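Engineer: I would like the atomic coordinates for the input below:
(one chain, ligands or ions: 1)
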Amino acid sequence: MTRSRRSNKPAFRCVACGEAIEAGQERYEWEFRYGGPHRQHVTCGYPKRSQLTQSLLGEVYGTIEGIEEHGWGGSVEEIVTNISAVKESAEEIKGQYEDAAENFGGQGPSAEKAEELDSFISELESAESEVENAEKADDEDDDEYLERLQQIAADAVGNCP
Ligand SMILES: [Zn+2]
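Structural biologist: The predicted structure is shown next:
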């Protein structure tokens, strides 16, 4: 990852907004092993975690980022639904890592990722039931109660491998 100001070479396109990155505009630039550099205006924000990986986990990060953009929800039900969405995404990717690990007799980096995702999924399950069973405290108003539940969800997804 570098941050730089472009010179008057041909225009690059920002992967966030799709607009050209003009001379003098600051950009972030990053690259994977294949496929050339990706560039984004500094004003379009720091690249998201899902943009900075080409691993299967990018999909899980994408699900989390999508939820975080809109917030965890304004009711117990919504928060649980959102945690479940992350869990489903993690389960799907875990399955793909397990399939990949089969070629290596269930060993190797893919098997390790599947295991990491497995404990992440357990954490999400605990968060789901913690949110579902959380009683509103006597000294809590509705907002504080919801914030506490949203924090449980945010903490759980913070452990995404
Ligand atoms: Zn942009």
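
Engineer: quick one: which helix or strand includes V131?
Structural biologist: Counting by DSSP states H and E, the element that carries V131 is helix 109-133.

Engineer: what residues does this structure put near the ion?
Structural biologist: Within reach of the ion by CB under 5 Å from the ion, the chain has these residues: 14, 16-17, 41, 44. Just so you know, the C-beta spots here come from the backbone N, C-alpha and C atoms, and that holds for glycine as well.

Engineer: now, of those residues, which are buried?
Structural biologist: 14, 16, 41, 44 (16 or more other CB atoms under 10 Å).

Engineer: might one say that the third one is in contact with C17?
Structural biologist: In this case it means H41. Yes: if you go by CB atoms under 8 Å, H41 and C17 touch, sitting 6.6 Å apart.

Engineer: which among the buried ones among the residues of the chain next to the ion gets closest to A23?
Structural biologist: Nearest to A23 out of those is H41 (CB to CB; 12.8 Å).

Engineer: residues contacting the closest one?
Structural biologist: Contact analysis of H41 by CB atoms under 8 Å, 6 or more residues apart in numbering lists 14, 16-17, 19, 21, 25-28.

Engineer: so which strand or helix has the closest residue to Q107 other than its chain neighbours?
Structural biologist: Spatial nearest neighbour of Q107, excluding adjacent residues (CB to CB, 6 or more residues apart in numbering): A101 at 6.9 Å. Assessed by DSSP H and E, A101 sits inside helix 76-102.

Engineer: and that helix, what does it pack onto?
Structural biologist: Applying 3 or more CB pairs under 8 Å, 6 or more residues apart in numbering; DSSP states H and E, one finds that helix 76-102 makes contact with helix 57-70, helix 109-133, helix 142-157.

Engineer: domain parsing of this protein, as residue ranges.
Structural biologist: According to automatic domain parsing, the chain is divided into the following domains: 2-44, 57-157.
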